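Undergrad: coords please:
(chains A and B)
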Amino acid sequence: MSKTNLTRRGVLKTGAVAGAGFAAPTIFTAQSAAAFTNEPTGSSVTLGFNVPQTGPYADEGADELRAYELAVEHLNGGGDGGLMNTFSSKALQGNGILGKKVEYVTGDTQTKSDAARASARSMIEKDGAVMITGGSSSGVAVAVQALCQEAGVIFMAGLTHSNDTTGKDKKANGFRHFFNSYMSGAALAPILANNYGTDRKAYHLTADYNWGYTTEEAVRTSTEAMGWETVAAVKTPLTQTDFSSYIAPVLQSGADVLVLNHYGGNMVNSLTNAVQFGLRDKLVNNKNFEIVVPLYSRLMAKGAGANVKGIFGSTNWHWSLQDEGSKAFVKSFGTKYGFPPSQAAHTCYVQALLYADAVERAGSFNPCAVGEALKDFQFDGMGNGPTLYRGEDHQCFKDVLVVKGKENPTSEFDLLEIVEVTPVEQVTYDASIFGGELGSCNPGA
Amino acid sequence: MEAIILQILNGLDKGSAYALIALGLTLIFGTLGVVNFAHGALFMIGAFCAVTLSRILTLSHTIVDDTQTDFLGNPLKVDVPYVMDWFGEATGSAIIDWAVPLSILFAIPVMIAIGVIMERGLIKHFYKRPHADQILVTFGLAIVLQEIIKYYYGANPIPTPAPAAFKGSFDFGAMLGFDPNIIIYPYWRIIYFAFAAVIIGAVFAFLQFTTFGMVVRAGMADRETVQLLGINIDRRFTLMFGIAAAVAGLAGVMYTPINSPNYHMGMDFLVLSFVVVVVGGMGSLPGAVAAGFLLGILESFASMREVLAVLPGLNQIIIYLVAIIILLTRPRGLMGRKGVMEE
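TA: Now for the predicted structure:
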């Protein structure tokens, strides 16, 4: 009879070690034989679309998802090809990416960093996504970008406007097409000076989180350089819904301009409250009182309704642009869905195509090769004029739109009108001013 | 001085909303003994009654305007509301403009019906269960209701403006002898405060001066004795649930011009309203109203720039800070009754 050395304690220990091994994130283990994380080996490649499907930005997320689905259709040779027809790079052939059919999985960010990281992780580990893209918040973008850096996949940011995404929190695996707070300030200030004069006193209400701070700083710096004085800057809680107690003291301060560094529901409510208080009907310092919203989105404008009329702001893209790229995208999206695309939809669609194009030009899905192909890539025909993906910080540089709430909209989508297309030179800055280090590319595996 | 007057005014309308929601919560707790976490959702559904009526009033047929084009270059389709066809452009526009006040009439029966269905269909099965079970089931119900609203109306806020006649603000400062524009206050918020005062007064009068109210008060004090007298107190309490739902719903209807309604607005008020109820004293109707206004005003003062310069972040914790202080010094709240929620 043979004697075994099995003991209850030994079995438990062995089981625990084995269990821990199996439970360890497969990001760090499963691809050890591959050249890079989630290297596609079959006839298809999977992209991960991480957008808010629940929560306050669900409508914006739905528009992003529509754009991604359209991009996948075009990449696989369906539809009218959209922006592939006007894109200056001709690497995309409508046969997928590197001949592999494009498939996709979706995750729900809930506009919460933890949830967004969990959904991105799931798409990478369980679904084999080789690239993650999407989102409607800078907090989410920074969090998911860091995860993608660790996991060794490319992150193509969706709607994120904070300087930090490609500033102090930039990563080698992360790329942003959307513009940022600095660019909004630089584009808006001259228009504000032209329309409201250089002798103005501004009162800032700022959402108490990262994006709010960078936007306030950008607008303050730009407007003060034009001669404006900042009389006060008040932080408002992100959860605030009624801004009356913040708006009521504005007139007492002697300010004649109110700058609302708010986004989403905060902006809808603060602007509605400010208009309710009749601020825009007041004459202060012998000037008409004015309100400024540094970052507009169509969904915000829709939520605020008639209150946006005549109010200046900035935007990354607008469907009324008349360049060939914009017209092609609006036609493609409008024909499929029955209404014009938002700026969130545009930036997401463009990011999906830019990624696919970079893979084609690199001849590989390896994130380091893709990153090299995107670095300092100059392109045109995507709706924003000539654009540079700057290698130093992975930020796109292109013209910025200054818009104004339309006085007589013809539909629920026709809420903003373009006041000026600010040339890219005016919004370009030195990459070092926001600090941060890209680090080196991580291919994972 | 001007700043103090201004923040008191701000606190009054904020307090009005807290007071109306807390009043309904207290009515339900006082009559049925249920801690109703779905009450914020009733406030939200009330707001969406205004959105719904607004949409009904703007039901349209489409005409093609060949002189304009849409975003795809096709002739522009223009929606023409039926009410304009039926009543002429001026009257039709006025009806649409007054959608929010008209929604009061629409919301009362709808909210009473929702309240009664909610009580008979779900909540009555939890009367004898622990408060923790009641909280879980009503909180779950609140999530279900807000997801239903999100499914049909989307996640984006929906602008629902006040009638044009009430846009702009009243210059209290000029009336009180201060410089113009120093103390201004929107007309609609004045109306909201007055409306809340009327509703609160009506509820108290109903309970105080009607036979029905007297029976309900008797039932709140001693349910078993009232039942022994042969009175069907359950039916009256069910109706009180409907009335409490209507009070929350009306608070929501009138709130829509202040902030564009969205599916989440009930949750934003729910926690604060529970704090209001606890500070006021569980089961005390005057306590709920007094605490609503007190906390609304304190919250406004805590948001002042001068206060925040000394105590940053006070605006985010003031309500909870006051709740802690009051509960430490008066464990039953401002006007709480002995024996309520103490078993």
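
Undergrad: C-alpha from now on. contacts and neighbour counts both.
TA: Fine.

Undergrad: any weak-confidence spans in chain B?
TA: Low-confidence segments of chain B (pLDDT under 70): B:338-343.

Undergrad: which helix in it has the most residues?
TA: Ranked by residue count, the top helix of chain B under DSSP state H comes out as helix B:2-32.

Undergrad: near chain B, which residues of the stretch 101-250 of chain A are found?
TA: Contact residues (C-alpha under 8 Å from any C-alpha of the partner chain) of the stretch 101-250 of chain A with chain B: A:234, A:237, A:241, A:242, A:244, A:245, A:246, A:248, A:249.

Undergrad: would you double-check that the last one falls in a strand?
TA: Looking back up the chat, that one is residue A:249. No: counting by DSSP: H, G, I helix; E, B strand; the rest coil, residue A:249 is not part of a strand but helix.

Undergrad: phi and psi next, for the residue of the stretch 151-300 of chain A found nearest chain B.
TA: Closest approach between the stretch 151-300 of chain A and chain B, counting by C-alpha to the nearest C-alpha: residue A:278, at 4.5 Å. With angles defined as degrees, to the nearest 10, residue A:278 sits at phi 70, psi 20.

Undergrad: my read: it touches residue B:166, true?
TA: No: if you go by C-alpha atoms under 8 Å, residue A:278 and residue B:166 don't touch, sitting 10.9 Å apart.

Undergrad: who has more neighbours, the two?
TA: Applying other C-alpha atoms under 10 Å in any protein chain shown to residue A:278 and residue B:166 shows that residue A:278 carries more neighbours, namely 19 against 16.

Undergrad: which residues sit in contact with the spatially most central residue of chain A?
TA: The centroid of chain A falls nearest to residue A:159 when counting by C-alpha atoms, centre = their mean (1.7 Å). By C-alpha atoms under 8 Å, 6 or more residues apart in numbering or on different chains, the contact list for residue A:159 reads A:134, A:135, A:136, A:137, A:138, A:178, A:344, A:347, A:348.

Undergrad: A helix includes it, no?
TA: No: counting by three-state DSSP, one finds residue A:159 to be coil, located in no helix.

Undergrad: tell me where chain A is predicted with low confidence.
TA: Within chain A, the stretches with pLDDT under 70 are A:1-34.

Undergrad: look up how far chain A lies from residue B:1.
TA: To chain A, residue B:1 is 12 Å away according to C-alpha to the nearest C-alpha, to the nearest Å.

Undergrad: residues near that residue, how many?
TA: By other C-alpha under 10 Å, the residues close to residue B:1 number 6.

Undergrad: can you give me the offset of the longest helix of chain B from its chain's centre?
TA: With C-alpha atoms, centre = their mean, to the nearest Å as the basis, helix B:2-32 stands 9 Å off its chain's centre.

Undergrad: buried sites along it?
TA: Neighbour-count burial for helix B:2-32, counted by 16 or more other C-alpha atoms under 10 Å in any protein chain shown, picks out B:2-3, B:6-32.

Undergrad: mind checking if the longest helix seen in chain A is in reach of chain B?
TA: Longest helix of chain A, by residue count under DSSP H: helix A:343-362. No: using C-alpha under 8 Å from any C-alpha, helix A:343-362 stays clear of chain B, coming no nearer than 14.5 Å.

Undergrad: ok now that helix, how far from the chain's centre?
TA: A distance of 13 Å separates the centroid of the chain from that of helix A:343-362, by C-alpha atoms, centre = their mean.

Undergrad: packing partners of that helix?
TA: Applying 3 or more C-alpha pairs under 8 Å, 6 or more residues apart in numbering or on different chains; DSSP states H and E, we find helix A:343-362 packed against helix A:58-75, strand A:131-134, strand A:154-157, helix A:367-374.

Undergrad: what lines up beside the third one in the sheet?
TA: Sheet partners assigned to strand A:154-157 using DSSP bridges are listed as strand A:131-134 (parallel), strand A:174-176 (parallel).

Undergrad: nearest to residue A:305, out of the contacts of residue A:159: which one, please.
TA: Here the nearest of the contacts of residue A:159 to residue A:305, counting by C-alpha to C-alpha, is residue A:344; it sits at 19.1 Å.

Undergrad: residues of chain B that sit close to chain A?
TA: For chain B, the residues in contact with chain A (C-alpha under 8 Å from any C-alpha) are B:3, B:6-7, B:10-11, B:71-72, B:154-159, B:167-169, B:181-186, B:258-260, B:264, B:268, B:300-301, B:303-305, B:316.

Undergrad: same thing but 6 Å
TA: B:10, B:155, B:157, B:158, B:159, B:168, B:169, B:182, B:186, B:259, B:300 (C-alpha under 6 Å from any C-alpha of the partner chain).

Undergrad: among those, which are in strands?
TA: Among the residues of chain B next to chain A, the ones falling in strands (DSSP state E) are B:169, B:186.

Undergrad: pick out the most distant pair among the residues of chain B next to chain A.
TA: Top of the distance list for the residues of chain B next to chain A (C-alpha to C-alpha): B:155 and B:182, 36.4 Å.

Undergrad: can you count the residues close to residue B:210?
TA: 11.

Undergrad: equivalent analysis for residue A:90, please.
TA: 12.

Undergrad: residue B:217 and chain A: what is the separation?
TA: Distance from residue B:217 to chain A, by C-alpha to the nearest C-alpha: 35 Å.

Undergrad: name the element residue A:403 belongs to?
TA: strand A:400-405 (DSSP states H and E).

Undergrad: for that strand, packing partners?
TA: strand A:312-315, strand A:416-422 (3 or more C-alpha pairs under 6 Å, 6 or more residues apart in numbering or on different chains; DSSP states H and E).

Undergrad: quick one, that strand and strand A:416-422 angle?
TA: With axes from the mean of the first three to the mean of the last three C-alpha atoms, to 10 degrees defining the directions, strand A:400-405 sits at 150 degrees from strand A:416-422.
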